[in-house]
Each structure stands twice: as structure tokens, then as C-alpha cells.
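[1] My questions concern the predicted model and sequence given below.
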Amino acid sequence: MDVTTLLIILLVGAFATYFSGDKWAPKVALLFSLTAFASAICLLSQYNLGNEISYTNLWIAKPKIYFALQADGLALAMLLLTTALTPIIIFSSFGNTYKNSKAFYALIVFMSFAMSGTFLASDGLLYYIFWELSLIPIYFIALIWGNGDAEERKKAVVKFFIYTLAGSLFMLVAFIYLHTKAGSFLISDLTQLKLSSTEQFWIFLAFFLAYAIKIPLIPFHTWQAEVYQKAPTVGTMLLSGIMLKMGLYSVIRWQLPIAPLAAKEYMDVFIGLGIAGVIYGSIVALRQKDLKKLLAYSSLAHVGLIAAGAYTLTLDGLRGAVLQMIAHGFVVVGLFLVAEIIFRRYETRKISEMGGIRAQSPKFTSMFMLLVLASVALPSTFNFVGEFTVLYSLSQVNIWFAILGGTTIILGAYYMLKMFQHVMLGETNTKIFADVTFNEGLTLVIIIAVLFFFGLYPKPIMTLITPSLENILVQINRN
Amino acid sequence: MNTLIAITALGVLTLVFEILNFRKAIIPVTILGLLAVLGITYSEFNAPASYYNNMIVVTKFSSVFSALFIVLSVFLIALAHDFYEDHQTKISDFIAIKIFMLAGAVAMVSFGNLAMFFLGIEVLSISLYILAASNRLNVKSNEAGMKYFLMGSFASGIILFGICFIYGAMGSFDVAEITEWSRSAELPIWFPIGITLVTIGMFFKIAAVPFHFWAPDVYEGSPTLTTTTMSTLVKVVAMATLYKLLTAMNADLSDTYINIIIVISIASMTVGNIMALKQNNVKRMLAFSGISHAGFLLMTLLNISNSAGNLLYYTTAYSLSGIAAFAVILYVCKNKDNEDIANFNGLGKNNPLMAAVLTASLLSMAGIPIFAGFFAKMFLFTQTIEAGYLIVVIAAVINSIISVGYYFKLILAMYNKEPNAEATKTPFVFYAIAIVSILLNIVLGLFPSAVLDLLG
């Protein structure tokens, strides 16, 4: 069994979901995404046993393009994140009904397929194809099943699409340029190239444009909050939980090893941009009145820190970034689910219209509290492991980076707790808040369990990702 | 050669069928006939030969492109069945004209003599003038036909003028002889002038900026099926012919010539895309989109010695997505008096399948993976960067981003607006053509080598 099996399961799953009809589509989608998760676990065990799970085959002879999928520890970690979150996201949507749900769930599974492909591809062009392919489903999910006024939603979604497409097209040009030098798109060939520092600078910049828009980093973040707010919650979860990680993963996998000189030379600038995102995101989050928008800006702050960690080019920085990517993926999906649970009952996302839920639903309150604590990186949560490692690596580059980056924890605690206070505490709300259903509770419990389990015992993930990150570091420091 | 004869015979046969009163059989018989002709073309693929004192030269290039033209014609003729529903009495004329046009197209890519080239271009153009004005009770169609005729004959005149110059310089119409002499050190000034004039004429036919003014009006006014023909078949024919002309006669393009190509290519992309952003009429929009694609196609001339495969791939991808898009447009605007984007409102609800096909074909034109349009652009970019023209590629990339703006306008209308009319029944043929051509497009995207390697 190799990684193609997993991709085939998801692709077949997308079509099966579509053809199973509106009534059965959610269940079929859940089934296939769980199967994909199981096969990811199988792949992991095979990888640990030392079996070959990568797949390479010549696809197009001229120009030379390989259908090359390579699974190392890093790719497997991201694959597990994707395949674990997809069923959670699908399951979390069971409380809602969607029009034309067969298309909706098929698009979700298809997106999961494209994102898994992005994490696995080791041929530049194949990677680019998966990267772009993942954009189409989220575009339609946000456009058709989103909320709010259709015209405004259209504007936000189209802006998002054009932004991301524009960024990635420059990445394509960079890839083609590299191809004329190396004669193939394979990452193993591209990282062997001897490029002048000017060439590296431009290539780095072209990649940066694509990734900075996707992650998003300041000043390319303007699409984010609007789209997060307008997209259906499932779309927001897919975007913030997995799709952002594509950008961060690509920085580590593609950008740094291909253009290490530029990364070293302008390290301060890029770390600075990440940190600026942390501070900006946190401050803007303080002022938000819309729950989903607040979470969007908090997400902006967190990914800024992750990017800063990756750009330190140290083992700790990279490791912390990857850990925090996984942790943030889970916590942000949990938080958006909370927002959705409240919306299902109160039909509002305005924080001012909430409040006093605690007295009516103590179970929900404690679960929400745990998620908030995880999000602000309380020790013993997974997020603490990630953020702490990143901050440690930043302090090694420059202590000021660590101090400024550390504000994410302080400010984060402030706005998250303030939000929690306004949403949950206060006088008992006159509107009735029905207790969480079994499905909703189960989803939240799973997410919380993952966060605390790996918070207390992060070693399995550490040992999985460390060797491949060390390889990447060797490539970064090759000259 | 046999291809050309067979096509012409088929055209005559269509007219005979009308006399014998087999009107109903015309379209099926023509399609079967064209498929048979495709077999003949296939047999000629590996047997290059020249006929009638080098008047017609069959090469790999000419037979592959002839095959593409025939496939496109099959689609176009199949669409004719429902399009000309109300004009059953004239169906044989329409079909016969289309087949003669195909004969002109084949002559244009397999000429060995400039006289034959001009003959081909005239046969093609005259058929098109008729088709453009074929809706004779409609003022717009008349206007389109007239406009196209005036501008087209002007362009033909320029081409003829250029051919005269070339003859003056070389003393021959024979392409092989011209090629041989063009390698001599001293060329009379008439020769480059002649080449330039012929190129200008061809730029007009492919609607490259600044010779594009006729395109939007003619595309809009002509009956939709004729617009389909123009934007798919005719564009491909003109571009292939220009490519063949330049490779046959003047393979070492001078730097000045290359610079002009670069300017025209970038100008076509930019003007086409920016103007398309403002259009509300789908046919006009696709006319401008076609102008920008002409700009992309001109990029193949920058690396002319080995871009034949890319040209074939790009034109195939573009014309297949064009056929699919127009099949949907024909369906949506069937009983409407205009082709405004508003007509597409809510198509995603009324007819999800057709909406999906149109979306896919627009995504292909915009160059989004996994459709063939993406690979076409990718191969083109790779080759242009290899030839050292990074700046053109960057301009092309920026234009690809702009183009998303208007392609998505149509997609948004389909999915984000409420339908303003009841769903109408779709004729089976429209479904079949739309789905077959978009599937071919996707297959082409998955296995690009199949087409790319034909011309190495």
C-alpha cells in the first residue's frame, strides 16, 4: 500500500458522495473520510516499519513532469492532520441542513483530496496542480452555501480567489524558471541547484507572494476576515484548520530549501512580518463584535507566530511551527464549532447579543472554557508545546522577537477571556439555550482530548517530524 | 491531398442530397463522412508527399491540424441540427458552406505555394462572410456580415499585396524555392516588406491587437453558431497558417520582427482582457477573451523552431473548451433575443449539469488546473522562458489573473443569482457535445503527451 491509495479513496469518495443523493451524502462523506483517516494511520505504521510508501512515475515526458508523491514524517503529520480534521468537520455539520447537500459534501471530500495531494506532492508542478485544485471547492463552498448578503459574499469570495490565484501564478513562474535550470520539477533536483543570490531572492519572493497570501501574513491578509465571516462554518473550518497550513507547510517544504540564501539574508524582515501579524491580529481581535471575525483575527495572530518560527531556520523553530500548525488546526476547528453551536440556537454571531449561557448549559461552558485555554496556550495543552518552542527559537535569533511574539499569549488571553466572559457569563439569557446535542458534545470532546493528550505527551509527533525537519535543515545549510 | 478531395466531395454530396430530398439525412451523413475523412487524414500522417507541382504539400503538421479542424467541424455540424431547427429548408446550404469552409481551412495548412494559400484563405473567408450574415432578417447579423466582409476583404488585399512583394523579391510563388533563396545573404528589401504585409493580414484574421476592431461586433451580431465557428475553428486555422507561413519561409526571424511580435502579443492579451472585463454580452466577452488568447498564441512564434507541439496543444485545448462553452450558450440563449449575462442567472439551479460544463470550460480558458487550458499555458510559459523572454511570461501571468475577473462574472451569475425563468428542455445534442468536448479537454489535461508528442 502506498500513498496513492489514500488519494484514490478520497477522490472516489468525492464522486460517491455526489452520486449517493442528498439524503445519504453526509453519511457517505463521513464514511469515506474516516476510511481515509484509517488508511493514513496504516501508512504511518508502514512508514514506522520502514516500508516504502512513496510513489513516483513519469507523467509527461517533455517537459519532464513526474507524478511523484513522497511521504516523509513531516508530510505524514500534515496528512494525519488533514484526514483527522476532515471527518471531524463533516461530523460537526450534521446539525445543519444544506440545500443540495450531495454537492456540498462532495466538495468537502474533494477538497480534502486536493489538500492531501498538496502535502504529498514532491514534484513542483504536481504540487502546484493540487494547490490550485484545492481552491476551487472552497470557492464554491463559500459562494453557494455561505451566509449574509449574496452581493457582499460574492465580493469577498471573488477577492479571495483572485488574491490567492495571483499569488500562486507567480509561484508557477518561479517553478518554470527553476525547471529551465534543473530540467525537472522534482524537489530533490530543485534543492540541488546552485542559484545565485539574486536568482534566489526573486524566487523566494515569488514563493513568498503565494504563501503570504495563503497563510495569510500582513499585509496580504485583507481577504481573510471577510471570507471567514461569510463562508459557512464548515468552509471556515476547512480554511483555517487545514488550508492555511498548506501555506505554512510549503514554506518549510519548498521555499526554504530552494532559496535558503535569500531566507537567511532577509530573515529579520520575514520574522518581522510574522510578528507584526501577531500584534496586529491580536489588537484588531480585541475590537471585534462578531464572534467569527474575532476568531479570524486571532487565527491571523497565531499563524503569524508560526510563520515567524519557520523563518528562524532553526530546528526548534521549524519543529515548533509544525507542532503549532497541528495544534492550531484542532483548536481553531473547535472554536468555530462553538461559534456554530451558539449560532444554531441564537441565530446570531454578534457577541453583544449573547451572554448568560453558562447557567443554562454548564457542560457546554466547560468545554468551551477548555478550548479557550488551549487557544491561549495554557501549559499542558498542545498549543503550549508549539508556542513555547517557537518563542524559544525566536529568543535565540533575537530576544526582542521573542518578547514581541510573546504578546500573543498575553493579548490572546485577554481577548479570548473577554470574549468568553461576554458570550457565556453574565445574567442568565432570556433566550433559551438548549444543551449541546450528543453529536456536538462528542465532536468537542474528541478535539479537546487530542489537544490535551498531545499537550501532555507530544513525543510521538516530535519523533515523527524531527528526522524530516533535520533533512530540510541540511538542505537549507548546504552551502 | 486525399483529405482535401474527400472534403470537397462531401460538400458537393450535401448539395446533391438536398436535390434528392434526403434533408433529414444530411447531418448524420455529413458527420459520418467527416469521420471517414478523419481516417484518410490519419493514413496520410506518416506519408508526407507533395502534389501538383508542390501546390499541396502534406506534412505531419498539416495532417495533424487538418485532423483537428475536422474534429471541430464534426462538433459544429452536430450543433447545427438544433440551431437551424427553424430553417430546415436551408439546412443543406448551411452544412455545405461549412464543409467548403473546412476545405479552405485544410488548404490553408497544407499549401506548398502561395497561390494555394491565398485560395484557401479566400474560400474560408467567403464562407464565413455568408455564415455571418446568414440570419438575413436580423439587422445585427447583416451588419456583422457586412462589417466582416469589408474588413476581411481589406485584409485579404493586404495579404495579396504582400504576396506580390514576395514574388517580386524571389520570382516565385513556390514556398520551397522561396525558403531556399531566403537563406542567401542578400535579400531584396521587398522580401521583409512582403512578409510583414502577409503577417499583418494574418493578424487581422486571428484578431490580434491592433487589428482586432472587427471581432466584438462581428462576434456579437453573427448567429451564435457562426460565432462558435469563428472563435474556435477559424482562430485555430489562422494561427496554424501564420505559424506555417513563418516557419516555411522565414524561420530565422529578425530581432525587429521578434520585438514586434512581443509588443503585439502583450498588447493583445492586455487589451483583450481589460475590455472583456466590462462586457455584459457573453458573445462580446468571449470575443475579447479570444483576442487575449490570440496574444497567448502569438507567444509560440517567439520560439518558432520547436513550438509546433505547443501550438497544437494550446489550440486544441482552447477550441475544445470553446466548443463546450458555446454549446451551453446556444442552449441558454436559444429562444432569447440577446446573450446578456443575465440570461445565465441561476443556471446552477435550473440545469446543474450544463452549468458545471460551462464552469469547467471557463476554468480551462482561465488556465486553472486540471483542465487542458492550464497545461497549454504552462507549456507555453516553459518554452517562452527557455527562449529567454521572461518579461512576456510575466505579462501573460498578470493577464491570466485579470482574465479570472470576467470568466468568474459568468460563473457567479450561474451560481449566485436567482433564476429568472423556468428551466427549459435541453436538446440531447447540446448535452452530448458539451459533455464530450469538456471530457476530451480533461483527458487532454491528464495525458498531455498524447497530443504534444504528435509534432514533437
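    On my side now, so go ahead.
[2] any idea of the mean pLDDT for the helix or strand containing residue A:24?
    Following DSSP states H and E, one finds residue A:24 within helix A:21-49. Averaged across helix A:21-49, the pLDDT comes to 90.
[3] now do stretch B:263-279
    Average pLDDT, stretch B:263-279: 93.
[4] same question, stretch A:240-252
    Averaged over stretch A:240-252, pLDDT sits at 90.
[5] and it, does that touch chain B?
    No - applying CB under 8 Å from any CB of the partner chain, one finds stretch A:240-252 separated from chain B by no less than 14.8 Å. Glycine gets a C-beta too; all of them are placed from N, C-alpha and C.
[6] Which strands or helices does the helix holding residue A:24 pack on?
    Packing contacts for helix A:21-49, counted by 3 or more CB pairs under 8 Å, 6 or more residues apart in numbering or on different chains; DSSP states H and E, involve helix A:3-19, helix A:73-92, helix A:101-120.
[7] Turn those helices into a markdown table, including distance to residue B:432.
    Listed next are these as a markdown table, based on distance: least, CB to CB, whole Å:
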| stretch | distance to residue B:432 |
| --- | --- |
| helix A:3-19 | 20 |
| helix A:73-92 | 35 |
| helix A:101-120 | 23 |
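[8] Out of those, the one nearest chain B is which?
    Chain B lies closest to helix A:101-120 among those, at 7.7 Å (CB to the nearest CB).
[9] I'd like to check the angle between the closest one and helix A:21-49, please.
    Angle of helix A:101-120 versus helix A:21-49, following axes from the mean of the first three to the mean of the last three CA atoms, to 10 degrees, is 20 degrees.
[10] and the angle from helix A:101-120 to helix A:73-92?
    Helix A:101-120 and helix A:73-92 are oriented at 170 degrees to each other (the same axes, to 10 degrees).
[11] Skip ahead from helix A:101-120 and say which helix or strand is next.
    Per DSSP H and E, the first helix or strand lying C-terminal to helix A:101-120 is helix A:124-133.
[12] Report all helices and strands that the very next helix or strand once past that following helix contacts.
    Per DSSP H and E, the first helix or strand lying C-terminal to helix A:124-133 is helix A:135-145. Applying 3+ CB pairs under 8 Å, 6+ apart, we find helix A:135-145 packed against helix A:101-120, helix A:150-182, helix A:233-237, helix B:390-416.
[13] Tell me, please, where in chain B the pLDDT is lower than the cut-off.
    For chain B, the stretches with pLDDT under 70 are B:185, B:250-252, B:421, B:423, B:456.
[14] Give me the neighbour count for the closest residue to residue A:113 other than its chain neighbours.
    In space, not counting the residues next to it along the chain, residue A:113 is nearest to residue A:10; the distance is 3.7 Å by CB to CB, 6 or more residues apart in numbering or on different chains. For residue A:10, the count of nearby residues is 26 (other CB atoms under 10 Å in any protein chain shown).
[15] which residues touch residue A:10?
    Shown in contact with residue A:10 (CB atoms under 8 Å, 6 or more residues apart in numbering or on different chains): A:32, A:33, A:36, A:109, A:110, A:112, A:113, A:116.
[16] Next, count neighbours for the last one.
    With neighbours defined by other CB under 10 Å, the count for residue A:116 comes to 28.
[17] In contact with it, which residues?
    A:6, A:7, A:10, A:36, A:79, A:82, A:83.
[18] just checking, the fifth one touches residue A:36?
    No - with contact defined as CB atoms under 8 Å, residue A:79 does not reach residue A:36; the gap is 9.2 Å.
[19] Give me the helices and strands touching the helix or strand harbouring residue A:383, please.
    According to DSSP H and E, residue A:383 maps onto helix A:382-397. If you count contacts as 3+ CB pairs under 8 Å, 6+ apart, helix A:382-397 packs onto helix A:267-286, helix A:291-311, helix A:315-346, helix A:362-375, helix A:399-424, helix A:438-456.
[20] and those, which is most packed in?
    Comparing the helices and strands packed on helix A:382-397 by mean neighbour count (mean count of other CB atoms under 10 Å in any protein chain shown), helix A:291-311 ranks first with a mean of 27.
[21] Now residue B:49: closest residue in space that isn't a chain neighbour?
    residue B:58 (5.3 Å).
[22] Could you report the separation of that neighbour from residue B:65?
    11 Å (CB to CB, to the nearest Å).
[23] What separation do you get for the spatially closest residue to residue A:252 that is not a sequence neighbour and residue A:251?
    Leaving aside its sequence neighbours, residue A:252 sits nearest to residue A:310 (CB to CB, 6+ apart; 5.5 Å). Counting by CB to CB, the gap from residue A:310 to residue A:251 is 5 Å.
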